[in-house]
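*Asks:* with the sequence up front, the predicted model follows.
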Amino acid sequence: YRLTELIAETSKFPTTAYEQCCCLAAFLYHHKHFRPFCFLSGLQGVLLAKLEQALLKTDLETCWGDDIELLLWILVTAAAVEDVTKVWFVDLLKRTRKAFIPMPGLNRMKYILRRFLWNERTSSPDCDKVYNEILGSRPRNGVYDTKVDLKPKFKVFEIV
C-alpha cells in the first residue's frame, strides 16, 4: 500500500509514457501480489490495457535502451497475469529478451528481476511460468503484432 502511495506522491499524473509504464507495472505488481483475493479483478484488466497503450507510445529502442532490464521486469509482471492481453505481453517479452547478448536464461532473468519489485515466494513461480510460456509459444501476428524491432545491443554477462 505504501508503494502505491509513493508512486502517487511522486507522480500524480505521469507525464511521459515511460513514467506511465513504470507506475502501471508497480501498481499491477502491488495489486497482484498484495491483494490475492482480487486476482482476476476488472482493475487488473484495466491496468494491463493501459500498460499496453503506454508501451505502444514508447520507442522501445531509445526510451528503454538504458533501462532494458526494467522493461524486462515490466513485461514479466504483465505477462504473469491471466488476461486476454497476455499473448501480446509474452510476444513483446520474447522480442525484448532477444535484445540481450547472450539471451538470459531463467536464472539470469531472476537475477535481473530481483533488482526490482520481487518477492521470492510469489515472484519466482510467476517468473518460472512466464519463462516456460516464452519457450513454448510461437510469435503471433495480427492483433498482437507489436511492430517492434529491438536490435541486439545490450551485453549481459552471465554470472557463473
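*Replies:* It's in.
*Asks:* every contact and neighbour count from this point should use C-alpha atoms.
*Replies:* OK.
*Asks:* show me what counts as buried in the stretch of helix or strand N107 belongs to.
*Replies:* Using DSSP states H and E, the secondary-structure element containing N107 is helix 106-113. Neighbour counts using 16 or more other C-alpha atoms under 10 Å place R108, M109, K110, I112, L113 of helix 106-113 among the buried residues.
*Asks:* what's the answer for stretch 125-141, then?
*Replies:* Going by 16+ other C-alpha under 10 Å, stretch 125-141 has these buried residues: D126, C127, D128, V130, Y131, E133, I134.
*Asks:* and the next element down the chain from the helix holding N107?
*Replies:* Stepping forward along the backbone from helix 106-113, the first helix or strand reached (DSSP H and E) is helix 120-136.
*Asks:* model confidence for W118, exactly?
*Replies:* We have a pLDDT of 87 for W118.
*Asks:* please report how far it lies from A54.
*Replies:* Distance of W118 to A54, given as C-alpha to C-alpha, to the nearest Å: 22 Å.
*Asks:* of the buried residues of helix 106-113, closest to L75?
*Replies:* Distance to L75, by C-alpha to C-alpha, is smallest for L113 among these, at 10.6 Å.
*Asks:* correct me if wrong: that closest one contacts W73.
*Replies:* Yes. Assessed by C-alpha atoms under 8 Å, L113 is found in contact with W73 at 5.6 Å.
*Asks:* okay, the buried residues of helix 106-113 in CSV with pLDDT and distance to W88 next?
*Replies:* Formatted as CSV, the entries for the buried residues of helix 106-113 read as follows, by pLDDT from 0 to 100; distance: C-alpha to C-alpha, whole Å:
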residue, pLDDT, distance to W88
R108, 92, 23
M109, 92, 19
K110, 93, 21
I112, 91, 22
L113, 92, 20
